[in-house]
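Undergrad: got a predicted structure here, sequence first:
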Amino acid sequence: MGFVIRLLVSALALYLLTQVYSGVYFVPGSGVGAVVIAALVMGVVNALIRPVLLLLSLPVNVLTLGLFTLIVNGVVLWLVAALTALNVAGFGAAVIGALILTVISWALDAVVGALGLDGSRG
């Protein structure tokens, strides 16, 4: 059940990103399925490719005190856009979109946690 909730929260975060930032958008006519597929691809890319990118960029990340992670997150969003119905206006838009997506996901995770839907017991 936790996986489904995490997937739906990620899909909602992607959808909200496309509503608040015009640099990232879904192909016109895309439905809920396209949003869920993009969230699923985002999860797979975050689990498999993002750690490799972070490891390869470790020296630059240390030199920039972690700010290069924003660029890596932009690359991840750009890659997801290349694989799904999500469109990004350019690499700069991907970096800004990734930053906004992080804030939206953080807020949604806080709401889900406050409602007790995250499966934690406390």
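TA: Yep, it's here. Numbering: from 1, shown residues only.
Undergrad: low-confidence ranges, the chain, go.
TA: 1, 119-122 (pLDDT under 70).
Undergrad: who are the packing partners of the longest helix anywhere in it?
TA: Counting residues, the longest helix found in the chain (DSSP state H) is helix 91-115. Contact partners of helix 91-115 among helices and strands, from 3 or more CB pairs under 8 Å, 6 or more residues apart in numbering; DSSP states H and E: helix 2-20, strand 24-26, helix 68-83. Every C-beta, even on glycine, is put in place using the N, C-alpha and C of the backbone.
Undergrad: those: which one's closest to G33?
TA: Of all the helices and strands packed on helix 91-115, it is helix 2-20 that lies closest to G33, at 9.9 Å by CB to CB.
Undergrad: quick one: contacts of the closest one?
TA: The contact list for helix 2-20 (CB atoms under 8 Å, 6 or more residues apart in numbering) reads 24-26, 32, 35-36, 38-40, 42-43, 86, 97, 100-101, 104-105, 108-109, 112, 117-119.
Undergrad: quick one: buried residues of that helix?
TA: R6, L8, V9, S10, A11, L12, A13, L14, Y15, L16, L17, T18 (16 or more other CB atoms under 10 Å).
Undergrad: same deal with stretch 96-115?
TA: Those would be I96, G97, A98, I100, L101, I104, S105, L108, V112, for stretch 96-115 by 16+ other CB under 10 Å.
Undergrad: what about A114, distance to L108?
TA: Going from A114 to L108 by CB to CB, to the nearest Å gives 11 Å.
Undergrad: close enough to count as contact, R50 and V76?
TA: Yes: contact criterion CB atoms under 8 Å: R50 and V76 qualify, at 5.3 Å.
Undergrad: the two - which one has more neighbours?
TA: The neighbour comparison of R50 against V76 (other CB atoms under 10 Å) goes to V76, with 20 against 17.
Undergrad: can you pull the contacts of the more buried one?
TA: Contacts of V76 (CB under 8 Å, 6+ apart): M42, V45, N46, I49, R50, L53, A98.
Undergrad: can I get the residues you listed in CSV including secondary structure?
TA: Converted to CSV, the contacts of V76 look like this (DSSP: H, G, I helix; E, B strand; the rest coil):
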residue, secondary structure
M42, helix
V45, helix
N46, helix
I49, coil
R50, helix
L53, helix
A98, helix
